[in-house]
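Visitor: Predicted model and sequence follow; I will ask about them next.
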Amino acid sequence: MNDNTDRIDLVEVVIDLKGVWKIFGARDREAMAAIKKRGLTKTEVLEEFDCVVGVADASFQVRRGEIFCIMGLSGSGKSTLVRHVNRLLKPTAGKVVVSSTDIMALDDDELLKVRNQHIAMVFQNFGLLPHRSVRDNVAMPMEIRGLSQNARWKAAEEALALVELSDWKDKFAHELSGGMQQRVGLARAIAADTEVLLMDEPFSALDPLIRRQLQDEFMRLASQMDKTTLFITHDLEEAVRIGDRIAIMKDGIIVQTGTPEEIIMSPADDYVMDFVSGISRINLIRAHSLVRPRAEFEVKHGPLMGDEMTVSSDETLRQVIVKAAACASSGPILVQDKVSGAKTGVITKNDILSGVILGTEEPWPAVYPPKIRPGCLRTDQTWPPSWPSMRITMRPSSRQPATSGDSY
């Protein structure tokens, strides 16, 4: 994941969707009017107007250089929504702005120019032309622009080198594996050198190992090129791994938008909570999400000595655990604010344990006393007996830690 979440509010908005609706059916305008007037549900719209609500009042912004993931199950409306950005679909209502251009106000020629020069799209089904070589498939956007063969082949070969397919430039699509074909699709988008990338579940049809390799490759390329990317996926782990921010959709509605850490720490409803229940937090949660105020801690436990182990507020849970395991101290951990440098927060060992265990698929261990189960983790009760003997072991088959010890 790109480490630019601290600056997304400081850079310009490239993609801006406001109040976008998409209703499929012959009576879509009537249905839209009825929704606004009577607040009809998706089911009521289908029964009364024989129309399907694909997207309902969707709004979000994507900043320059950001990877923004839209995640949801099949039928949630995510692929329908992304197709409004380059106007493959026209919204029933709402506004779509890309790089300060109102996409709905463009005529056909202007729209073709925007699609060819400013917005590239990578599809799930690769979209390669079988009668063209790999190089000619990658060069196709430049051919549409009217570039010479030498110019477009040069750009295509540079893009193929980035995805490590230079030796396959004269092959045809059927001679490549699925993963290689998807890399050709990515190379075509790179060669087009557009400001915006739309990626509609580009890796979902691939085997898990190839999918992860392509995710790594995409993140490497994204960091190099600083593209603004709208990435569609049904896999929350993929969204968490790739995205700077995530929008989660259900039944055409965006139910929550936030950073991966925000969504996992504070799911908006049971639907989101079900998704995040199986996600490991150890590389995602940062110290600032576990911290409690130092003053509050000292009221309950007395003044701190000032020589306690200290971590930065932006260190991950894994980094905190590694430091804690190497530290001989049995006391709490001070958290130093990344900006001000002030040590105003405290993390206890129970806070670390809660960060590891909560949000996994494993049930909360029955041996834990009720007072320190989820919802009641911060307690004056002393349990387990001592910190120095604590060891945290992440097993391949389970994210549940084997532990003993925490005096807070």
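Guide: On my side now, so go ahead. Residues are numbered from 1 along each chain as shown.
Visitor: CA atoms for contacts and neighbours, from now on please.
Guide: OK.
Visitor: immediately after the helix or strand Lys37 falls within, which helix or strand?
Guide: Using DSSP states H and E, Lys37 sits in helix 28-38. As assigned by DSSP H and E, the chain's next helix or strand after helix 28-38 is helix 42-49.
Visitor: what does that next one contact?
Guide: 27-28, 30-31, 35, 51-53 (C-alpha atoms under 8 Å, 6 or more residues apart in numbering).
Visitor: How is this protein partitioned into domains?
Guide: Domains of the chain are assigned by automatic domain parsing as 13-118+194-276, 286-408.
Visitor: Just name the most buried of those.
Guide: For the domains of the chain, the largest average neighbour count (mean count of other C-alpha atoms under 10 Å) is found in domain 13-118+194-276, namely a mean of 18.
Visitor: how long is that one from one end to the other?
Guide: 28 Å (C-alpha to C-alpha, to the nearest Å).
Visitor: Please apply the same query to stretch 89-105.
Guide: 14 Å.
Visitor: hmm, back to that, and the domains of the chain, which one averages the lowest pLDDT?
Guide: Lowest mean pLDDT within the domains of the chain: domain 286-408, a mean of 62.
Visitor: could you say which helix or strand contains Ile254?
Guide: Going by DSSP H and E, Ile254 is part of strand 253-258.
Visitor: one step back: pick the one among the contacts of helix 42-49 closest to Leu160.
Guide: Among the contacts of helix 42-49, Val53 lies closest to Leu160 (C-alpha to C-alpha), at 39.9 Å.
Visitor: Find the nearest non-adjacent residue to that closest one, please.
Guide: Closest residue to Val53 apart from its sequence neighbours, by C-alpha to C-alpha, 6 or more residues apart in numbering: Ile23 at 4.5 Å.
Visitor: Strands along the stretch 101-250 of the chain, start to end?
Guide: Along the stretch 101-250 of the chain, the stretches classed as strands by DSSP state E, counting those that start in this stretch are 101-102, 119-122, 196-200, 228-233, 245-250.
Visitor: who's in contact with the shortest one?
Guide: Counting contacts by C-alpha under 8 Å, 6+ apart, the residues outside strand 101-102 that touch it are 95-96.
Visitor: partner strands of it, parallel or antiparallel?
Guide: Using DSSP bridges, the strands paired with strand 101-102 are strand 93-98 (antiparallel).
Visitor: and for the strand it pairs with, what are the contacting residues?
Guide: 14-22, 32, 57, 84-85, 102-104.
Visitor: let's go with 10 Å and repeat that
Guide: Strand 93-98 has contacts (C-alpha atoms under 10 Å, 6 or more residues apart in numbering) with 13-23, 29, 32, 56-59, 61-62, 84-87, 90, 102-105, 114, 118-119, 195-196.
Visitor: what do you get for stretch 171-181?
Guide: The set of residues external to stretch 171-181 that reach it, using C-alpha under 10 Å, 6+ apart, is 125-137, 163-165, 168, 182-187, 203, 205-207, 210-211, 213-214.
Visitor: isn't Asp216 right next to Arg241, touching?
Guide: Yes - the pair Asp216 / Arg241 is scored as a contact, 9.4 Å apart, by C-alpha atoms under 10 Å.
Visitor: circling back to that earlier point, by contact count, what packs against the strand holding Ile254?
Guide: Applying 3 or more C-alpha pairs under 10 Å, 6 or more residues apart in numbering; DSSP states H and E, we find strand 253-258 packed against strand 52-63, strand 67-71, strand 245-250, helix 260-265, helix 270-276.
Visitor: Output these in JSON lines; the columns should cover distance to Cys327.
Guide: Output for those, formatted as JSON lines (distance: least, C-alpha to C-alpha, whole Å):
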{"stretch": "strand 52-63", "distance to Cys327": "40"}
{"stretch": "strand 67-71", "distance to Cys327": "37"}
{"stretch": "strand 245-250", "distance to Cys327": "34"}
{"stretch": "helix 260-265", "distance to Cys327": "26"}
{"stretch": "helix 270-276", "distance to Cys327": "31"}
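Visitor: Assign Leu89 to helix, strand or coil.
Guide: coil (DSSP: H, G, I helix; E, B strand; the rest coil).
Visitor: What sits closest to Gly252 if chain neighbours are left out?
Guide: Val55 (4.1 Å).
Visitor: Show me what the one you found is bridged to.
Guide: With DSSP bridges as the rule, Val55 is bridged to Lys22.
Visitor: Next, the contact list for it, please.
Guide: Counting by C-alpha under 10 Å, 6+ apart, Val55 touches 19-24, 76-81, 91-92, 249-254.
Visitor: again, only using 8 Å
Guide: Neighbour list for Val55: 20-23, 77, 80-81, 251-253 [criterion: C-alpha under 8 Å, 6+ apart].
Visitor: Format the strands of the stretch 101-250 of the chain as CSV; extra columns: distance to Gly178.
Guide: Shown next, in CSV, are these (distance: least, C-alpha to C-alpha, whole Å):
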stretch, distance to Gly178
strand 101-102, 36
strand 119-122, 14
strand 196-200, 16
strand 228-233, 18
strand 245-250, 27
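Visitor: in this structure, which helix has the most residues?
Guide: For the chain, the longest helix by residue count, based on DSSP state H, is helix 208-225.
Visitor: Tell me the one of the contacts of helix 42-49 nearest Ile333?
Guide: Closest approach to Ile333 among the contacts of helix 42-49 (C-alpha to C-alpha): Val53, at 50.5 Å.
Visitor: From Ala295, how far out is the closest one?
Guide: Val53 is 51 Å from Ala295, where distance means C-alpha to C-alpha.
Visitor: On the pLDDT front, check Ala159 for me.
Guide: 86.
Visitor: Might one say that it is in contact with Asp193?
Guide: No - if you go by C-alpha atoms under 8 Å, Ala159 and Asp193 don't touch, sitting 9.6 Å apart.
Visitor: who has more neighbours, these two?
Guide: Ala159 (26 against 21; other C-alpha atoms under 10 Å).
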